[in-house]
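Participant: Sequence and predicted structure below; questions after.
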Amino acid sequence: MEGNQTGAMTNTVVAEKAKTLLTARFGEDIVVESSGGLQPALYLAPERLVDVCFFLRDQEDLYFDFLSCISAVDDGVAAGTFTVVYHLASIPYNRQLTLKVKLANDRRLDNLPVVPSVSAVWRTADWHEREAFDLMGVFFEGHPDLRRILLPDDWEGYPLRKDYKEAETYHGIAIK
Amino acid sequence: MADDTAINTDTNRYQQALRAYEARLQAIGSEEMVINMGPQHPSTHGVLRLQLITDGEIVKEVIPHLGYLHRCFEKHAESMNYGKTIPFTDRMDYLASMNNSHAFVMGVERMLGIEREIPKRVEYIRVLVCELNRIASHLIAIGTYGIDIGAFTPFMWCFRDREHIMNMLEWASGSRMLYNYIWVGGLFYDLPVGFEERCREFVDYFKPKLVELDELLTTNQIFISRTANIGVLPPEVAINYGCSGPMLRASGIRWDLRRADGYSVYPELDFDVPVGSGEVGTLGDCWDRYKVRVDEIRESVKIVEQCLERLTGALKRTPDFDPRALVPKKVNTKAQDYYVRAENPKGELGFYFVTQEKSDIPHRVKARGPSFNNLSVLPELAKGVLIADLIAILGSIDIVLGEVDR
């Protein structure tokens, strides 16, 4: 519980600090937008994501050495975007930081939203990105082994998308 | 026509990794052999399939295949309200259902802003049942680990003691393994009358049994020679792969979310966080992972005792106590997102919620299972080991496939 961490920085302060250091290193436009709420998040531009993540991991005042989770979110058919959310944690400082990357996409199955893979920064990302590719259809550029992970290799479509239609048959077997 | 070619190239790009994987299997050398282990192999603790590329007795590469137990948890969770999703969380790590629902419920309560209003008695009951469930989960981890490497007795002893916990939790919730006991804002029911006494009897019974179990395995020379210096996981690798829980602590990192986040009533309780020491081998080997679990059972017993003390003392049951008093009729959240994490027996269990305005159905729920991340380090740990040691390494990770596949 954030309120219980005596002496620890609140999420808002951590996000502000990270934003200051990032803009100092990469320039003003690296953080596209920041959001408030229970867990403030920094929206990043996808182009330099890997550099930013290396910086967040190795900079000694930040030291986000632990990647908790990568979640791909379908913002809805009307919004026309997907969001990839990274939850980072720093074990020595006991802090948390949320990063988001928003990707505009037309939802065509042959045109997946593309984001650079951070599996070189945190190996946790390897399987998380495979899962996001498998279920949400986000393509991670530079991933060493981006195969489907939970569904069979010949599965069609990405089931966690809001416009996903369940198939009538699978290998000629009626499944409805 | 030009457009068609563009489409084909892109779709090919999505299939590239699959082709590379197939080519890798085609291109094995004449000395190499591909062995399938699982999905129906007793030592894979469920339906995990491992493809081993071996050279004689040496494992050169491990390719895990998951998904045999995929039950679309995330898709289910975004089609029904929060209360109805709790039974689905029970089925993720089905050996520690209480801990799963506790984490899920905590997330929803924080989004509603009611987490500070939950009565102390409810919180203590939650911690009590969670710690009992943690003991049960670790008993399975230790028992089946023994059986993986050829020791049959610990398995019988662990299951005998675990059965007492299962019976108690069944008494409280009505179900043996999948409880649906912890609800948003409260509990299904108060503890049954006499539960505290029976639980205390269990603690008195269990303490000497734990010493026996410890003596049977911990210093057993055969056990040590099978586990010491095997599957060594250095701390920096563990962190980089997102390992958590006993996996991470066995590598010497004192990181326990019960202490780091201080959620629920854990700050009021006195317990230690055991870490690996490399006592009989190298820091972060299989023996350390086993030992951390044994020590954690001891700490959980301490927590259970303290909870019982308070639940029969200052927070005694009263006739007018209603554990459902704060259970909301309808969970109405704001549009927001929240990532909640909690210490499961296997490690960091996280739920990421994206909620909608004025709706009791979440827009998106992502579950981060600790076993999923702990298992992802296996190909790294299993490089160049003997096939027999692979079993020892896999057992020491303590995975539950219900949570890996969700």
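Facilitator: Now that the structure is in, tell me what you want to look at. Small disclaimer: the values here were computed from a predicted structure and weren't measured.

Participant: rest of the way, CA atoms for contacts and neighbours
Facilitator: Noted.

Participant: how many other residues sit next to the residue of the stretch 1-150 of chain B found nearest chain A?
Facilitator: Taking C-alpha to the nearest C-alpha as the measure, the stretch 1-150 of chain B has residue B:67 as its residue closest to chain A, at 4.0 Å. Summarising burial for residue B:67: neighbours were counted as other C-alpha atoms under 10 Å in any protein chain shown, giving 19.

Participant: same question, residue A:78
Facilitator: Taking other C-alpha under 10 Å as the criterion, the count of residues near residue A:78 is 6.

Participant: measure it to residue B:375 for me?
Facilitator: Relative to residue B:375, residue A:78 is positioned 37 Å away (C-alpha to C-alpha, to the nearest Å).

Participant: near chain B, which residues of chain A show up?
Facilitator: Contact residues of chain A with respect to chain B, defined by C-alpha under 8 Å from any C-alpha of the partner chain, are listed as A:1-2, A:4-5, A:37-39, A:65-69, A:71, A:73, A:87, A:91, A:94, A:110-111, A:121-124, A:127, A:139, A:144-147, A:149-153, A:159-160.

Participant: Strands of the stretch 201-350 of chain B, start to end?
Facilitator: Under the criterion DSSP state E, counting those that start in this stretch, the stretch 201-350 of chain B carries strands at the ranges B:337-344, B:347-354.

Participant: picking that back up, wait, is the residue of the stretch 1-150 of chain B closest to chain A part of a helix?
Facilitator: No. Judged by DSSP: H, G, I helix; E, B strand; the rest coil, residue B:67 forms no part of a helix; its state is coil.

Participant: Quick one, grab the pLDDT at it.
Facilitator: We note a pLDDT of 89 for residue B:67 in this prediction.

Participant: That one: what's its closest spatial neighbour, skipping adjacent residues?
Facilitator: Ranked by C-alpha to C-alpha, 6 or more residues apart in numbering or on different chains and with sequence neighbours excluded, the top spatial neighbour of residue B:67 is residue A:150, at 4.0 Å.

Participant: Surely the one you found touches residue A:136?
Facilitator: No. Here residue A:150 lies out of contact with residue A:136, judged by C-alpha atoms under 8 Å, at a distance of 11.8 Å.

Participant: picking up where we left off before, pull the contacting residues for the residue of the stretch 1-150 of chain B closest to chain A.
Facilitator: Contacts for residue B:67 were tallied using C-alpha atoms under 8 Å, 6 or more residues apart in numbering or on different chains; they are A:149, A:150, A:151, A:152, B:404, B:405.

Participant: Work out the gap between the helix ranked longest in chain A and the centre of the chain.
Facilitator: Taking residue count as the measure and DSSP state H as the definition, the longest helix of chain A comes out as helix A:11-26. Distance of helix A:11-26 from the chain centroid (C-alpha atoms, centre = their mean, to the nearest Å) equals 18 Å.

Participant: In terms of helices and strands, where is residue A:42?
Facilitator: In this structure, residue A:42 sits in strand A:41-44 according to DSSP states H and E.

Participant: number of nearby residues for the residue nearest to residue B:67?
Facilitator: 21.

Participant: For it, grab phi and psi.
Facilitator: Dihedral angles phi and psi of residue A:150 (degrees, to the nearest 10) take the values phi -100, psi -30.

Participant: contacting residues around residue 32?
Facilitator: The chain I'm using is chain A. Applying C-alpha under 8 Å, 6+ apart as the definition, the contact partners of residue A:32 turn out to be A:42, A:43, A:44, A:45.

Participant: that's the wrong chain, I meant chain B
Facilitator: B:53, B:54, B:55, B:56.

Participant: partner residues bridging it?
Facilitator: Beta-bridge pairing for residue B:32 (DSSP bridges): residue B:55.

Participant: Report the separation between residue B:182 and residue B:125.
Facilitator: Distance from residue B:182 to residue B:125, by C-alpha to C-alpha: 9 Å.

Participant: quick one: which of the two has more around it?
Facilitator: In this view residue B:182 and residue B:125 are compared by other C-alpha under 10 Å, and residue B:182 has more residues nearby, 31 against 21.

Participant: correct me, but the more buried one touches residue B:126?
Facilitator: Yes. Under the contact definition of C-alpha under 8 Å, residue B:182 touches residue B:126, with a separation of 7.0 Å.

Participant: overlap in contacts of those two?
Facilitator: Taking C-alpha under 8 Å, 6+ apart as the contact rule, the neighbours common to residue B:182 and residue B:126 are residue B:102.

Participant: mind showing which ranges of the chain have poor pLDDT?
Facilitator: By default, I'm working from chain A. Counting by pLDDT under 70, the low-confidence segments of chain A come to A:1-9.

Participant: The chain in question should be chain B.
Facilitator: Applying pLDDT under 70 to chain B flags the ranges B:1-11.

Participant: who in it is up against chain A?
Facilitator: For chain B, the residues in contact with chain A under the definition C-alpha under 8 Å from any C-alpha are B:7, B:10-11, B:14-15, B:17-18, B:65-68, B:70, B:74-75, B:111, B:239-242, B:255, B:260-264, B:336-339, B:350, B:352, B:364, B:366, B:368, B:373, B:376, B:405.

Participant: Can you say which of the residues you listed are buried?
Facilitator: The neighbour-count test (16 or more other C-alpha atoms under 10 Å in any protein chain shown) marks B:14-15, B:17-18, B:65-68, B:70, B:74-75, B:111, B:239-242, B:255, B:260-264, B:336-339, B:350, B:352, B:364, B:366, B:368, B:373, B:376, B:405 as buried among the residues of chain B next to chain A.

Participant: how close does residue A:21 get to residue A:52?
Facilitator: 10 Å.

Participant: Looking at the two, which is more packed in?
Facilitator: Shown here are residue A:21 and residue A:52; by other C-alpha under 10 Å, residue A:52 has more neighbours (19 against 16).

Participant: Wasn't the more buried one part of a helix?
Facilitator: Yes. Using three-state DSSP, the assignment for residue A:52 is a helix.

Participant: do you know how far it is from residue A:22?
Facilitator: For residue A:52 relative to residue A:22 (C-alpha to C-alpha), the value is 7 Å.

Participant: Report the contact partners of the residue of the stretch 201-350 of chain B found nearest chain A.
Facilitator: Using C-alpha to the nearest C-alpha, the point where the stretch 201-350 of chain B gets nearest to chain A is residue B:241, with a distance of 4.4 Å. The contact partners of residue B:241, by C-alpha under 8 Å, 6+ apart, come to A:122, A:123, A:124, B:373, B:374, B:376, B:377.

Participant: do residue B:306 as well
Facilitator: Applying C-alpha under 8 Å, 6+ apart as the definition, the contact partners of residue B:306 turn out to be residue B:269.

Participant: Ok, residue B:185 next?
Facilitator: Contacts for residue B:185 were tallied using C-alpha under 8 Å, 6+ apart; they are B:105, B:109, B:114, B:115, B:118, B:324, B:325, B:326, B:327, B:328.

Participant: Export those to CSV and append columns for distance to residue B:214.
Facilitator: Listed next are the contacts of residue B:185 as CSV, based on distance: C-alpha to C-alpha, whole Å:
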residue, distance to residue B:214
B:105, 35
B:109, 39
B:114, 42
B:115, 38
B:118, 38
B:324, 40
B:325, 43
B:326, 43
B:327, 42
B:328, 45
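
Participant: Next step: the residues you listed restricted to helices.
Facilitator: Helix and strand membership here follows DSSP H; of the contacts of residue B:185, those in helices are B:105, B:109.

Participant: Using the three-state scheme, assign residue A:70.
Facilitator: Judged by three-state DSSP, the three-state class of residue A:70 is strand.

Participant: Could you count how many residues lie near the closest residue to it other than its chain neighbours?
Facilitator: Counting by C-alpha to C-alpha, 6+ apart, residue A:86 is the residue found nearest to residue A:70 once chain neighbours are left out, at 4.7 Å. Applying the criterion other C-alpha under 10 Å, we find 20 residues in the vicinity of residue A:86.

Participant: can I assume residue A:86 sits in a strand?
Facilitator: Yes. Counting by three-state DSSP, residue A:86 falls inside a strand.

Participant: where's it relative to chain B, distance?
Facilitator: To chain B, residue A:86 is 10 Å away according to C-alpha to the nearest C-alpha, to the nearest Å.
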